[in-house]
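K.L.:
Build the 3D model from these lines:
(one chain, ligands or ions: 1)
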Amino acid sequence: MEKIVIEGGYCLEGTVAVSGAKNAALPILVSSLLTEGWNTFDNVPDLKDITTIKSLLIELGARVETSGNVVKVDASGLNRYEAPYDLVRTMRASVLVLGPLLARLGRARVSLPGGCAIGARPINLHLKGFEQLGALISLEHGYIEAQARSLKGTEIYFDVVTVTGTENLMMAAVLAEGPTTLRNAAREPEVVALAEALNRMGAQITGAGTPVITITGVEALKPTSFTIIPDRIETGTFMVAAGVTCGNIKIVGCEPSHLRAIIHKFQQAGVTVQQEADGLRILGTEKICSVDVKTLPYPGFPTDMQGQFMVLMCLANGLSVISETIFENRFIHVSELQRMGADITVSGTTAVVRGGRGLTGAPVMATDLRASASLILAGLAARGTTEISRVYHIDRGYECIEKKLAQLGGHLWRT
Ligand code: EPU
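P.N.:
Reported below is the predicted structural model:
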């Protein structure tokens, strides 16, 4: 099994380029199921999750061609409507095919995703929304069976803000009869990017980026070309890398307007964030200040950055209270950070970090994507050698992370 080995204590310096956003690329690639003809997507990151979604599109009858970071999808031959267990269990975002399959074929059979390391993650709100659009939903042998002669626009209210729920319903509603209003919709930049891609295909969506999205159904969509937005979580991860190594990093190709909550917390922590013409410059400090953080739906502080920011707080002077409000089990990295000397106490949805003791290298185990990123960052900051096992998690969501960090002067490699 592969491991990442890190010799910590080196200051990171130089320029690093951010890849396209995984969580924007996944729904946008899936949206091509709504069209006939070749769609062209640029800046698609080369990740395990992207390979999985491409396999699923092929399984459904689409043709997929990849050349570097350009992915073309033609779903003219869409002739199957099943997302099998083997694909869904490796990536829950596979449930995103439900909306487009219902819209285009009036039928979908998708394995119900089980719980995952970070929480139970039900999809009840996706299914309730499809029912409101007129679909019949049942659960048989572990599969969601969805059928609809036609979908009719309606008003849908989400009890909880859900990112993929908003995306799934948006993709179902684009071909429904009449208008659909999504209330308490997710406002994440990835939702906005999907709405923009769908509008380029001929959809009529307004309000994306606000809590109320209106979709007026159209007869058909046409293929398009679209550039995937930069990955704000990868950007934030590099920001922490600069912060924990007292480094000086320029991050190019990022979108600072998507990072306001993260930038705000870095500035409070005493890390300098300068906006330059082509990106962000991050200047670390020897005197990191403790900051409290609460994860929230966008534009709040993202749960996908909670573990990485916690590593910065391990090095801060004083006490930091980190509250996780999105996923019930997203402190799984804590026990591994404790093995590296971190002083963290978890009580329910709150972690109290007593910073300033420094970290020491240790053998640790990655448990999910963002937890793996936290451990790499901790390894960069620690004295001595850290060995991270189960690193396959990191390949799901970070393109060549150890190479990018090594180019910045980090001492890390894969064995
Ligand atoms: N929820 C429900 N019912 C639903 C849907 C969601 O109760 O039907 C709850 C969830 O259990 C959770 C909360 O609502 O407590 C928010 O979950 P959400 O549906 O927004 O999460 P998601 O759409 O499954 C996406 C990202 C995650 C990211 C979350 C939150 C993609 C493919 N995944 O997941 O990304 O953490 O939004 O921002 O977009 C990652 O990239 O590492 C990752 C986990």
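K.L.:
pull the CA atoms of stretch 336-355 into CSV?
P.N.:
Listed in CSV are the C-alpha atoms of stretch 336-355, where the atom choice follows Å, rounded to 0.1, in the frame of the first residue of the first chain:
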residue,chain,number,x,y,z
GLU,A,336,-4.2,11.2,14.3
LEU,A,337,-3.1,14.8,15.0
GLN,A,338,-3.0,13.8,18.7
ARG,A,339,-0.5,11.1,17.8
MET,A,340,1.6,14.0,16.4
GLY,A,341,1.5,15.8,19.7
ALA,A,342,-1.5,18.1,19.2
ASP,A,343,-3.5,19.1,22.3
ILE,A,344,-7.1,18.8,21.2
THR,A,345,-10.2,17.9,23.1
VAL,A,346,-13.4,17.0,21.3
SER,A,347,-16.8,17.3,22.9
GLY,A,348,-19.7,16.7,20.5
THR,A,349,-19.5,19.1,17.6
THR,A,350,-16.8,21.2,19.2
ALA,A,351,-13.0,20.8,19.3
VAL,A,352,-10.9,22.8,21.6
VAL,A,353,-7.3,23.2,20.3
ARG,A,354,-4.6,24.3,22.7
GLY,A,355,-1.9,25.5,20.4
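K.L.:
Up against the ligand, what does the protein have?
P.N.:
The chain has residues 23, 26, 93, 119, 121-126, 160, 162-165, 302-304, 326-327, 369-370, 397 near the ligand, with proximity defined as CB under 6 Å from any ligand atom. (Glycine included, C-beta is placed from N, CA and C.)
K.L.:
ok, so what distance separates the closest residue to Glu145 other than its chain neighbours from Val30?
P.N.:
Distance criterion CB to CB, 6 or more residues apart in numbering; nearest residue to Glu145, sequence neighbours excluded, is Ser138 at 4.9 Å. For Ser138, the distance to Val30 (CB to CB, to the nearest Å) stands at 23 Å.
K.L.:
try Val353
P.N.:
37 Å.
K.L.:
And Gly300, by the same measure?
P.N.:
26 Å.
K.L.:
same deal with Tyr392?
P.N.:
Distance from Tyr392 to Val30, by CB to CB: 23 Å.
K.L.:
sorry, back to before: which of Ser138 and Val30 has more residues huddled nearby?
P.N.:
Val30 (29 against 10; other CB atoms under 10 Å).
K.L.:
looking at it, the more buried one is touching Leu60, isn't it?
P.N.:
No: taking contacts as CB atoms under 8 Å, Val30 lies outside contact range of Leu60: 9.7 Å.
K.L.:
where do the contact lists of these two overlap?
P.N.:
Val97 (CB atoms under 8 Å, 6 or more residues apart in numbering).
K.L.:
wait, isn't Ala220 in contact with Gly202?
P.N.:
Yes: proximity of Ala220 to Gly202 meets the contact threshold set by CB under 8 Å, at 7.4 Å.
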